[in-house]
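**Q** Attaching a predicted model along with its sequence, questions to come.
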Amino acid sequence: MMANLLSIFEPSSSNFLFPLNWFITFLGLMFMPFIYWAFPSRWSLLWNKITCTLHNEFKALLLPSHTGSTMLFVAMFSLILFNNFLGLLPYVFNSSSHMVMTLSLSLPLWVTLMIYGWVNHTQHMFAHLVPQGTPAALMPFMVLIETISNIIRPGTLAIRLAANMIAGHLLLTLLGGTGPSLTYSLISILIFSQILLLILESAVAVIQSYVFAVLSTLYTSEIN
């Protein structure tokens, strides 16, 4: 039963050894040229307002010499948000619920930050392993704990995003599968609950993309 439920999230069609459903991830690139020649609309002005707000918020977490990197996190937020909302559409492959995509976003970023931090800020990275005010007897344990917590960061980022995306879709699928066996009076309740869950999933899509970008910014600020 669980294998059948999880199989709905797997790519079903492929060509040249590449799943065609993964192309939905790059669908946002088709809309980018419209920004450069189309007249500004309410949607484009709203999106510009959102990106500017995120840029100012991320800039406050970083040093002035690293404020240019905020565009990376804004772009990451936009990519995750776009794919999260695409996954809410019927018969659309939800790529953000797969560890292949989420880990591909978090792991290269974490490796780059670690290389940059240990090469350019070695003393700061060593000092970060032992919080200020730690007793001497607890220092070896704190170094071990901080090292483990630092290593698992890309995994926690990837699992948090994938688990939150797949949990809501599984719940929607389970409730939708009970529709043919219900009476007409219960179907209206089911449809209403599905609509509420869809609204909740829309909020989760925004929140998880924001959390992923904010945590990435916080991890970057720790190496400065």
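**A** Right, received. Where do you want to start?
**Q** how about the helices in the protein?
**A** Secondary structure of the chain (DSSP state H): helices located at 2-6, 34-37, 42-61, 70-86, 99-120, 122-128, 139-151, 153-177, 184-221.
**Q** Any idea how many residues pack against A136?
**A** 7 (other Cβ atoms under 10 Å). Backbone N, C-alpha and C define where each C-beta goes, glycine included.
**Q** if I look at W110, how far off is N150?
**A** In this structure, W110 and N150 are 9 Å apart, going by Cβ to Cβ, to the nearest Å.
**Q** With neighbour numbers in mind, choose between those two.
**A** A side-by-side neighbour count of W110 and N150, using other Cβ under 10 Å, places W110 first with 22 against 17.
**Q** Quick check: nearest residue in space to the more buried one, chain neighbours excluded?
**A** Leaving aside its chain neighbours, W110 sits nearest to P154 (4.1 Å; criterion: Cβ to Cβ, 6 or more residues apart in numbering).
**Q** quick one, what contacts the one you found?
**A** L103, S106, L107, L109, W110, V111 (Cβ atoms under 8 Å, 6 or more residues apart in numbering).
**Q** Using CSV, write out every CA atom in stretch 154-174.
**A** Taking only C-alpha atoms (Å, rounded to 0.1, in the frame of the first residue of the first chain), the coordinates of stretch 154-174 have been written out as CSV:
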residue,chain,number,x,y,z
PRO,A,154,22.6,20.0,4.2
GLY,A,155,20.7,16.8,5.0
THR,A,156,18.3,18.6,7.4
LEU,A,157,17.6,21.3,4.8
ALA,A,158,16.9,18.7,2.1
ILE,A,159,14.8,16.4,4.3
ARG,A,160,12.8,19.3,5.8
LEU,A,161,11.8,20.6,2.3
ALA,A,162,11.1,17.1,0.8
ALA,A,163,9.2,15.8,3.8
ASN,A,164,6.9,18.8,4.1
MET,A,165,6.1,18.7,0.4
ILE,A,166,5.4,15.0,0.2
ALA,A,167,3.4,14.8,3.5
GLY,A,168,0.6,17.1,2.3
HIS,A,169,0.4,15.4,-1.1
LEU,A,170,0.1,12.0,0.5
LEU,A,171,-2.7,13.3,2.7
LEU,A,172,-4.5,14.8,-0.3
THR,A,173,-4.1,11.5,-2.2
LEU,A,174,-5.4,9.4,0.7
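**Q** Need the mean per-residue confidence for it.
**A** Over the span of stretch 154-174, the pLDDT mean works out to 87.
**Q** And for V111, nearest residue in space, chain neighbours not counted?
**A** The nearest residue in space to V111 (Cβ to Cβ, 6+ apart) is P154, at 8.0 Å.
**Q** gap between the one you found and F82?
**A** For P154, the distance to F82 under the criterion Cβ to Cβ works out to 21 Å.
**Q** repeat for I199
**A** Look at I199 and F82: by Cβ to Cβ, they are 19 Å apart.
**Q** Cheers, nothing more for now.
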